[in-house]
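**Student:** Fold the following, please.
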Amino acid sequence: MGMMWFSYNAHQLFLRHLCDQNDKLRYGWQQHDGRSFGYQEIIDDAVNISTTFVKRHNDQTNDWISRIAIGATASASNSKKNDTPKPTTGLFLYFRLEDKGQFQPVLLGGELVGVEGSTPSLGDFKIHIRQSDPVKTTFLSAVLPKVSLLRETILSGVLPQNPGAGLKLVGHTTQTPNLIVLELAVQPGFSLDVVYEPMRQETTRSNGLGSWKTPPLDTLIHAKKQAFRDKFQKVFQLIERGYSDEQNEFAQRVFSNLIGGLGYFYGESLVVSQWSSTPSKYWTTGLFTAVPSRSFFPRGFLWDEGFHQLLISRWDVGLTREVMTSWFNLMNADGWIPREQILGDEARSRVPDEFIIQNSEYANPPSFFLTIESMLDSLDPDRPDEVDKTLKFFEFAYPRLQAWYNWFNATQTGSLTGSYHWRGRNITTERELNPKTLTSGLDDYPRASHPGPEERHVDLYCWMAYGAGVLARVAEEIGENPLPYRTAELYMKQQERLDQLHWSDKHGFYADFGRHTDAVRLERQQAPRQLKPGQPAPQMPKVRVVDRDPKPGFVNALGYVSLFPLMLRLLDPSAATLGHTLDHLRSPNLLWTDYGVRSLARNSALFAAHNTEHDAPYWRGAVWINMNFLILKALKFYGEQPGPFQEKSQRIGQELRDNLVQNMYRQYQKTGYVWEQYVDGEGRGSHPFTGWSSLVVLIMSDF
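**Tutor:** I've put the predicted structure just below:
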């Protein structure tokens with residue numbers, strides 16, 4: 001089921017449908033519990049569209065209801081022009097059959113009042129449509145060739161009308177539809193209830209919907225809202241931590257948009273491998289996952305999901321077990337998981353071609369180890385049933401985590417024993433200032449200027465050391481032998497070993513190693529000298545110019561990569577390198593800002609630099625919330641360890657928490673959005689971005 005809408009009062013037709021940040025709408029879940037209830041508001045000019053759903057699932061019923069209500073925005077309601085006509089909104093409510101089966105419109109007096117049908121997965125069902133106030137409607141029953149043609153299919157069923165008369169639908173176009181659409185024109189004060197009702201198989205009788213009638217439904221919605229507020233307070237305890245009611249509401253909305261973004265995707269990835277450079281289809285499968293951004297990244301990303309589940313598992317660890325099971329079921333026989341899940345035609349229609357094909361030799365940070373560690377830390381002996389379910393999940397996940405870890409060791413090791421090296425950098429590019437490392441998740445963060453097999457990447461080394469420690473803990477919990485992973489963890493955490501591979505005495509911080517020079521720049525190519533008479537000079541692209549030959553050495557790029565030994569807590573609490581790292585982190589001339597820790601130091605040669613003439617800086621100075629969360633977690637850890645840097649860690653942690661929360665809340669009040677990144681305090685990038693930026697809720701709760 002879905003909805004499109006448009007304004008009758010606009011000068012031209014603009015049909016709203018897909019979430020698109022360029023629409024400049026303010027929308028989002030106000031409350032969402034991840035399972036049975038959600039309440040969303042969409043602000044479109046003078047109109048406020050709210051959507052609410054409630055599910056009932058027990059031995060007697062598995063029905064749900066969705067309410068769509070049309071209201072006026074506060075500014076429109078307070079307008080002093082009494083003669084201003086109420087805004088009229090045109091709605092298309094559509095039902096699409098994805099499964100094998102059939103359904104038909106239910107008509108009363110020629111108007112659509114419901115849908116009934118049957119599918120193998122749902123069985124027999126009915127859908128009832130109830131209006132708060134009767135309005136004239138039209139409908140369409142049609143065949144939808146593929147989902148990417150939904151808008152075109154609906155508009156092809158529109159009757160010719162006079163300008164300003166709206167969009168009226170033609171009715172039946174087929175007797176075997178897979179798409180049924182309701183059209184209606186409504187004004188503020190109108191609401192529509194859509195009730196899904198499974199039929200009892202033994203009698204094909206209705207479950208009876210008396211309890212869904214409006215007064216009890218209103219009561220149930222009110223009770224669901226209160227239950228959400230109560231649970232949110234119990235889980236996160238923000239009021240007790242001194243946050244205001246307004247800040248608490250902000251946190252509720254941020255959390256709700258993360259968990260409300262959980263979705264089920266179905267299809268297949270396109271993959272190349274060492275065995276075939278021709279893309280082939282991965283097996284057809286489903287994926288249950290959260291998404292970074294409904295408007296810009298409406299699909300699953302492997303390393304993002306580990307951060308998403310840190311917050312979701314705190315609320316409902318059962319959902320996290322389902323999500324991680326779904327992801328681990330995507331693992332191939334070698335232990336590889338595709339890093340970006342672009343499943344099926346609908347997903348591919350929203351992704352640039354260059355990002356669609358996945359390579360089975362390319363990695364992504366194993367951030368699910370963060371979630372696993374959090375689940376281990378949260379095992380509650382007072383909830384034995386939940387502990388048992390999580391331990392059973394660990395028994396399922398453990399061999400898959402082993403295979404994943406072994407795949408990294410088989411494919412991502414460096415040329416020097418014990419080192420690691422992200423694959424996937426472009427060694428022949430002429431247009432990138434610094435070839436991107438998309439596989440690391442940090443995209444354009446500066447690495448060695450000239451990629452090659454001698455590279456050593458400190459962040460990947462830290463992920464592997466950290467992952468070994470988490471695997472050892474899982475093994476201990478489920479009765480497996482932890483020794484191989486504990487041995488690997490201790491070996492990689494040896495200060496001497498880490499420093500030998502990645503500490504730069506020259507620069508004074510942890511760094512990557514490779515063939516590198518800072519003397520690179522972008523310069524526009526000269527146009528050909530021989531032009532035909534009257535032929536305009538072509539616009540030539542900018543290409544990379546290397547002014548000084550690269551040399552093997554540590555890469556002079558202080559930033560998030562340098563902080564990974566701190567972020568994943570590999571450093572000894574008394575290590576001098578910890579003190580140096582804290583000093584760099586807290587220096588306003590380097591990484592510290594009043595809005596969070598920036599991704600790249602101000603004195604870096606590539607700070608805020610475009611990577612191509614069209615590729616704006618991404619991880620080159622902006623503040624990212626997931627990395628700041630890991631920094632805060634590390635500062636809390638070192639603030640609890642006796643040693644020379646305990647007090648400094650505590651002080652920096654408190655400052656950083658306050659800076660992050662205050663700026664994100666301030667930007668939300670100003671713009672209505674949580675953002676992908678923050679530059680000089682201002683929200684930047686995709687929005688609303690309630691993927692890992694929603695970790696602000698845990699920042700408020702935990703630190």
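
**Student:** For this protein, give me the ranges with low pLDDT.
**Tutor:** 57-61, 74-84, 162-165, 200-215 (pLDDT under 70).

**Student:** Just give the nearest non-adjacent residue to the residue positioned nearest the centre of the chain, would you?
**Tutor:** Nearest to the geometric centre of the chain sits residue 292, at 1.3 Å (C-alpha atoms, centre = their mean). In space, and not counting its chain neighbours, residue 292 is closest to residue 691: 3.2 Å by C-beta to C-beta, 6 or more residues apart in numbering. All C-beta atoms are positioned from the backbone trio N, CA, C, and that covers glycine.

**Student:** list the contacts for the residue nearest to the centre of the chain?
**Tutor:** 301, 304, 676, 686, 689, 691, 692 (C-beta atoms under 8 Å, 6 or more residues apart in numbering).

**Student:** In strands, which of those fall?
**Tutor:** residue 301 (DSSP state E).

**Student:** A helix includes residue 660, no?
**Tutor:** Yes - Residue 660 sits within a helix when classified using DSSP: H, G, I helix; E, B strand; the rest coil.

**Student:** Which residue ranges of the stretch 101-250 of the chain form strands?
**Tutor:** For the stretch 101-250 of the chain, applying DSSP state E, counting those that start in this stretch gives strands covering 102-108, 111-119, 123-131, 137-142, 171-172, 179-186, 191-198.

**Student:** will you turn the ones you listed into CSV that also has mean neighbour count and distance to residue 517?
**Tutor:** Shown next, in CSV, are the strands of the stretch 101-250 of the chain (neighbours: other C-beta atoms under 10 Å; distance: least, C-beta to C-beta, whole Å):
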stretch, mean neighbour count, distance to residue 517
strand 102-108, 16, 64
strand 111-119, 19, 61
strand 123-131, 17, 64
strand 137-142, 23, 61
strand 171-172, 15, 69
strand 179-186, 23, 58
strand 191-198, 19, 62
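
**Student:** Please enumerate the helices of the stretch 301-450 of the chain.
**Tutor:** Counting by DSSP state H, counting those that start in this stretch, the stretch 301-450 of the chain has helices at residues 302-315, 317-328, 344-348, 368-377, 384-411.

**Student:** Over to the stretch 501-650 of the chain?
**Tutor:** Under DSSP H, counting those that start in this stretch, the stretch 501-650 of the chain gives helices at 560-567, 576-586, 625-639, 646-671.

**Student:** what's the closest of those helices to residue 176?
**Tutor:** helix 646-671 (46.9 Å; C-beta to C-beta).

**Student:** heading toward the C-terminus, what's the first helix or strand past that closest one?
**Tutor:** strand 677-679 (DSSP states H and E).

**Student:** which outside residues touch that next one?
**Tutor:** 595-596, 618, 621-624, 663-664, 667, 683-685.

**Student:** so which of those residues comes closest to residue 608?
**Tutor:** Nearest member of these to residue 608, counting by C-beta to C-beta, is residue 621, at 4.7 Å.

**Student:** List the contacts of the closest one.
**Tutor:** 598, 599, 600, 602, 607, 608, 679.

**Student:** Please list only the buried members of these.
**Tutor:** Applying 16 or more other C-beta atoms under 10 Å to these, the neighbour count classes 598, 599, 600, 602, 607, 679 as buried.

**Student:** Could you find the closest non-adjacent residue to the third one?
**Tutor:** Put plainly, it is residue 600. Closest residue to residue 600 apart from its sequence neighbours, by C-beta to C-beta, 6+ apart: residue 559 at 3.9 Å.

**Student:** Might one say that that neighbour is in contact with residue 597?
**Tutor:** No - the pair residue 559 / residue 597 is not scored as a contact, 9.1 Å apart, by C-beta atoms under 8 Å.

**Student:** joint contacts of these two?
**Tutor:** Looking at what touches both residue 559 and residue 597 (by C-beta under 8 Å, 6+ apart), the common residues are residue 591.

**Student:** coming back round to it: any chance of the contacts of strand 677-679 in TSV, plus distance to residue 381?
**Tutor:** Converted to TSV, those look like this (distance: C-beta to C-beta, whole Å):
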residue	distance to residue 381
595	40
596	36
618	44
621	45
622	42
623	39
624	36
663	39
664	35
667	41
683	42
684	44
685	42
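
**Student:** Just give me the closest of these to residue 151.
**Tutor:** Using C-beta to C-beta, the contacts of strand 677-679 come closest to residue 151 at residue 685, 26.8 Å.

**Student:** Please identify the deepest-packed of the helices of the stretch 301-450 of the chain.
**Tutor:** Of all the helices of the stretch 301-450 of the chain, helix 302-315 has the most neighbours on average by mean count of other C-beta atoms under 10 Å, namely a mean of 24.

**Student:** tell me what that helix is packed against?
**Tutor:** Helix 302-315 sits against helix 214-236, helix 245-259, helix 317-328, helix 368-377, helix 625-639, helix 696-702, with contacts defined as 3 or more C-beta pairs under 8 Å, 6 or more residues apart in numbering; DSSP states H and E.

**Student:** let's see it at 6 Å
**Tutor:** In terms of contacts (3 or more C-beta pairs under 6 Å, 6 or more residues apart in numbering; DSSP states H and E), helix 302-315 is packed against helix 317-328, helix 368-377.
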